[in-house]
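>>> Give me coordinates for this.
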Amino acid sequence: PLAFRQDILAGKLAGRSRDVLLRSRFELISQSVVTGATRRKLRGMDPVADVCDGEGSESCILNFGLELECENGVCGNRGLQRRAFVTTEAFKTKDRGWGLRLTADAAKGAMVEEYVGEIVEPSEFWKRFDATDIADPLYFCEFVDGLIIDATYKGSFARLINHACTPNARLQHRSVAGWRRVVVVMIEDGKAGEEVTVAYRLPDGVNRMWQKCLCGRRGCVSGKGAGAGV
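Coordinates of the predicted model:
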């Protein structure tokens with residue numbers, strides 16, 4: 001079975017949760033896995049960033065506005081390339097399985113973690129989805145052009161982020177050297193110890209509307225099916 005590399009996980013998991021999660025069939029990866037025709041489809045899908053003339057320059061601001069990371073070695077618009085993520089840890093929640101929380105304060109706009117996994121075609125996604133049990137957690141993330149990121153067995157700690165009807169983070173698409181990527185970004189300031197949450201949205205055709213939302217936030221749509229996966 002696939003397993004975490006223990007040296008990577010050291011200090012990332014809270015308390016005894018580390019021993020439990022290490023026994024799961026999961027491989028921690030830092031970049032999405034994509035092969036064959038799917039890789040050819042993605043190559044060149046996004047424009048390459050304009051040459052950056054330095055942080056704060058017109059070209060830098062334009063790239064940032066278009067969600068393109070600059071490729072200048074000294075520019076600050078290179079968060080994904082530098083893996084400039086806030087510090088987090090996985091922890092076991094009271095009633096929602098695993099979760100991800102901040103271990104230090106994080107400002108609005110800070111990057112939390114890149115959402116990575118196996119990038120699959122829609123046909124493969126539905127095959128995998130149909131093989132899940134109705135009670136299974138889902139680790140699927142809509143990507144681009146109908147493609148899906150499946151973080152069930154390969155992914156990052158972003159897969160542990162739970163739903164909230166009023167979340168403190170969201171998924172944002174970024175492009176690096178013409179390749180589309182997805183990163184979790186804070187949409188408000190967060191405090192150390194605070195759980196990172198996003199608002200799930202189920203893909204068309206996935207019907208789990210009977211499931212109860214357990215986020216407990218003000219304005220929660222409890223019992224109306226907030227969703228079951230990113």
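
>>> Now the closest residue in space to Glu121 that isn't next to it in sequence: phi and psi?
Nearest non-adjacent residue to Glu121, counting by C-beta to C-beta, 6 or more residues apart in numbering: Thr38, 6.0 Å away. For every residue, glycine as well, the C-beta is placed using N, CA and C. Dihedral angles of Thr38 (phi, psi; degrees, to the nearest 10) stand at phi -60, psi -40.

>>> all strands of this protein, in order?
27-28, 88-92, 98-102, 111-114, 118-120, 140-142, 148-150, 154-155, 162-163, 169-176, 179-186, 197-198 (DSSP state E).

>>> how about those in TSV, adding mean neighbour count?
As requested, the strands of the chain are exported to TSV (neighbours: other C-beta atoms under 10 Å):
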stretch	mean neighbour count
strand 27-28	16
strand 88-92	18
strand 98-102	21
strand 111-114	22
strand 118-120	21
strand 140-142	21
strand 148-150	25
strand 154-155	22
strand 162-163	20
strand 169-176	18
strand 179-186	21
strand 197-198	24
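
>>> so which of those comes closest to Arg78?
With C-beta to C-beta as the measure, strand 169-176 is the member of these nearest Arg78 (8.4 Å).

>>> Can I get the closest one as PDB, trimmed to CA atoms?
Output of strand 169-176 as PDB, limited to C-alpha atoms (Å, rounded to 0.1, in the frame of the first residue of the first chain):
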ATOM      1  CA  ALA A 169     -10.400  30.300   2.500                       C
ATOM      2  CA  ARG A 170     -11.100  29.400  -1.100                       C
ATOM      3  CA  LEU A 171      -9.600  27.600  -4.000                       C
ATOM      4  CA  GLN A 172      -7.800  29.900  -6.500                       C
ATOM      5  CA  HIS A 173      -6.400  29.000  -9.900                       C
ATOM      6  CA  ARG A 174      -2.900  30.100 -10.700                       C
ATOM      7  CA  SER A 175      -0.700  29.600 -13.700                       C
ATOM      8  CA  VAL A 176       3.000  28.900 -13.600                       C
END
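
>>> And the average pLDDT for that strand is what?
Mean pLDDT, computed over strand 169-176, is 92.

>>> repeat for stretch 40-55
Confidence for stretch 40-55, expressed as mean pLDDT, is 78.

>>> Could you check how far it is from the centre of its chain?
21 Å (C-alpha atoms, centre = their mean, to the nearest Å).

>>> try stretch 111-120
5 Å.
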